[in-house]
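Engineer: structure for the following, please:
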Amino acid sequence: MNSREYTIKRQSAKKLYLKGETDIKALARIYGVADKTVRNWIKREKWNEELDEIANLEDEIRIAVKKALIKALKEYARAPQDTALQSLVSLLRQYSKNIEPTRDFIEYMKKFLDWLIDFYLARNDEQTAMAIQREILGASGIVEYFRMRATSG
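Structural biologist: Here you go, the predicted structure:
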């Protein structure tokens, strides 16, 4: 494997890791590298710190949206005829409704896909398992599709 291929694998593994695929063995299987290699990437490039930062930012966003919704609802209660406040309340409510169920769906989908991959591995069909990992869980796979849908509204 040349350095360009290695770099592409490392960057792709990092994207998948930061999207929530934190199983080192799964990442190693997907990208055809040793578990130790993935652990070294995580440690050397501080992927855990980035993952924590993303989680903290997502929490802060959720809290900020809830605070904004509460404030908008209080203002709306005082002036229900204000169409700008009506729009803001509707927008914040819709955002809250959309983001949480989608996250749960993605987690269930990942669990199902993990089960499916394990099923094919148990049947000694490593080629199919690897194809599922690469095509579905990879950088432009179905998990990424649902993430993009969740954030695009």
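Engineer: which stretches of the chain form helices?
Structural biologist: With DSSP state H as the criterion, the chain has helices at 3-18, 24-31, 35-44, 47-78, 83-122, 126-136, 142-152.
Engineer: so the fourth one versus helix 35-44, what angle?
Structural biologist: It refers to helix 47-78. 60 degrees (axes from the mean of the first three to the mean of the last three C-alpha atoms, to 10 degrees).
Engineer: now helix 47-78, how far from the centre of its chain.
Structural biologist: Taking C-alpha atoms, centre = their mean, to the nearest Å, one finds the center of helix 47-78 at 17 Å from the center of the full chain.
Engineer: I'd like the helices of the chain as JSON lines, with mean neighbour count and mean pLDDT appended.
Structural biologist: C-betas here are computed from N, CA, C, even on glycine. What follows is these, written out as JSON lines (neighbours: other C-beta atoms under 10 Å; pLDDT from 0 to 100):
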{"stretch": "helix 3-18", "mean neighbour count": "15", "mean pLDDT": "88"}
{"stretch": "helix 24-31", "mean neighbour count": "19", "mean pLDDT": "86"}
{"stretch": "helix 35-44", "mean neighbour count": "15", "mean pLDDT": "95"}
{"stretch": "helix 47-78", "mean neighbour count": "13", "mean pLDDT": "84"}
{"stretch": "helix 83-122", "mean neighbour count": "14", "mean pLDDT": "76"}
{"stretch": "helix 126-136", "mean neighbour count": "16", "mean pLDDT": "78"}
{"stretch": "helix 142-152", "mean neighbour count": "14", "mean pLDDT": "61"}
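Engineer: look up how far residue 117 lies from the spatially most central residue of the chain.
Structural biologist: In the chain, the C-alpha nearest the mean C-alpha coordinate belongs to residue 19, at 3.5 Å (C-alpha atoms, centre = their mean). Distance, residue 19 to residue 117, using C-beta to C-beta, to the nearest Å: 16 Å.
Engineer: and for residue 110?
Structural biologist: Counting by C-beta to C-beta, the separation of residue 110 from residue 117 is 10 Å.
Engineer: with residue 87 instead?
Structural biologist: Separation of residue 87 from residue 117 (C-beta to C-beta) stands at 44 Å.
Engineer: show me the contacts for residue 17.
Structural biologist: Each residue near residue 17 by C-beta atoms under 8 Å, 6 or more residues apart in numbering is listed here: 27, 42, 47, 51.
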